[in-house]
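dropping the sequence and predicted coords here.
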Amino acid sequence: MAIDISHVRNLPLFRHMEPAALTRLMMRATPRRIEKGDTVFEQGAEAVAFYLLLHGRLKVTQVTPDGQQVMVRVVHPGDLFGFARALARTDYPGTAKAAVESLVISWPMTDWDTVVENNPRLAINAMQTIGQRLDEAHTRLREMSTQEVERRVAHAVLRLVEKAGRIEEAGTRIDFPITRQDIAEMTGTTLHTVSRLLSAWETRGLVEGGRQKLTVTDADGLARIADPDD
């Protein structure tokens, strides 16, 4: 499978890279199509490559020491992921699984230092990504520590809509399969609680649900639940 450099060049990660440098970088890259439900890598596996998602969506989960699975984030097109070496790790801290059919490109992890040294824009992007994930983690910890569960779930749904929303006639649909269990894991609550909340929101006309589908029909109303004091 060949990589169309013209498509890659439009990604923010590579937009300021010299064409010759981008060509050299892509010569080392390996494309891989991931079927829905298949994994890119498993938690604890040796980190042999780092990745860029070209299209599709990936769910990243972690299993805690007590055996509980937690969905920690969603990988969106244009995101770097799996760069364990930048975190001073030799293994992957989570499992990345395709929520829909996806296309990734990878580079050997042994190339990381050279790639970063020769491509300052990529290095900056990696640092920004790490910072963004830390900020997201801090936000979720703060929400779980200080907010009632309904506000936490509302925040999580609104973040998903912002990152992966597709405008349709009924509202803004999250454009990949998302389950109530996923939302429960993201917000530190139970499936029962999320089901109860989404059912209540449907009755109020805030969302429309379905099998692994969620459409926000009243974003302003949901925002008022998330931040009632604003």
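Sure thing, it's come through. Numbering: from 1, shown residues only.

ok, the residue nearest the centre of the chain to D182 distance?
Closest to where the C-alpha atoms of the chain average out (Cα atoms, centre = their mean) is V74, at 1.9 Å. V74 sits 9 Å away from D182, going by Cβ to Cβ, to the nearest Å. In short, each C-beta sits where N, CA and C put it, glycine included.

quickly list what's touching both of these two.
Both V74 and D182 are in contact with K59, where contact means Cβ atoms under 8 Å, 6 or more residues apart in numbering.

just to revisit the earlier point, local confidence estimate at the residue nearest to the centre of the chain?
If you check V74, the pLDDT there is 92.

enumerate every residue touching it.
Contacts of V74 by Cβ under 8 Å, 6+ apart are R57, L58, K59, V60, A99, L160, K163, A164, F176.

isn't the fourth one right up against D79?
Pointing back at V60 there. No. With contact defined as Cβ atoms under 8 Å, V60 does not reach D79; the gap is 10.2 Å.

neighbour-wise, which of the two wins?
V60 (22 against 19; other Cβ atoms under 10 Å).

could you point out which element follows the helix or strand hosting the more buried one?
Element membership for V60 (DSSP states H and E) is strand 58-63. Next along the chain after strand 58-63, taking DSSP H and E as the criterion, comes strand 69-75.

partners of that following strand, with directions?
When pairing is defined by DSSP bridges, strand 69-75 lines up against strand 58-63 (antiparallel).

for the partner strand, the averaged confidence score.
For strand 58-63, the per-residue pLDDT averages 94.

what residues sit buried inside it?
For strand 58-63, a neighbour-count test (16 or more other Cβ atoms under 10 Å) marks L58, K59, V60, T61, Q62 as buried.

the fourth one and Q68 touch, don't they?
No. Shown here, T61 and Q68 do not form a contact pair, counting by Cβ under 8 Å, at 10.4 Å.

what is in contact with the two at once?
With Cβ under 8 Å, 6+ apart, T61 and Q68 have no common neighbours.

which residues of the protein score low on pLDDT?
Low-confidence segments of the chain (pLDDT under 70): 1-2, 230.

strands of that one, start to end?
30-34, 39-41, 49-55, 58-63, 69-75, 80-81, 95-98, 102-108, 165-167, 172-174, 207-210, 213-216 (DSSP state E).

okay, now Q43: neighbour count?
The burial count for Q43: 16, using other Cβ under 10 Å.

how close does it get to L134?
Counting by Cβ to Cβ - Q43 and L134 are separated by 19 Å.

next, count neighbours for M27.
9.

picking up where we left off before, I'd like the buried residues of strand 58-63 as JSON lines, with distance to E150 appended.
What follows is the buried residues of strand 58-63, written out as JSON lines (distance: Cβ to Cβ, whole Å):
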{"residue": "L58", "distance to E150": "28"}
{"residue": "K59", "distance to E150": "23"}
{"residue": "V60", "distance to E150": "25"}
{"residue": "T61", "distance to E150": "24"}
{"residue": "Q62", "distance to E150": "25"}
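
now, among the residues you listed, which is nearest to A226?
Distance to A226, by Cβ to Cβ, is smallest for K59 among these, at 22.1 Å.

got a list of what the closest one touches?
M71, V74, V75, A96, K97, A99, D182 are the contacts of K59 under Cβ under 8 Å, 6+ apart.
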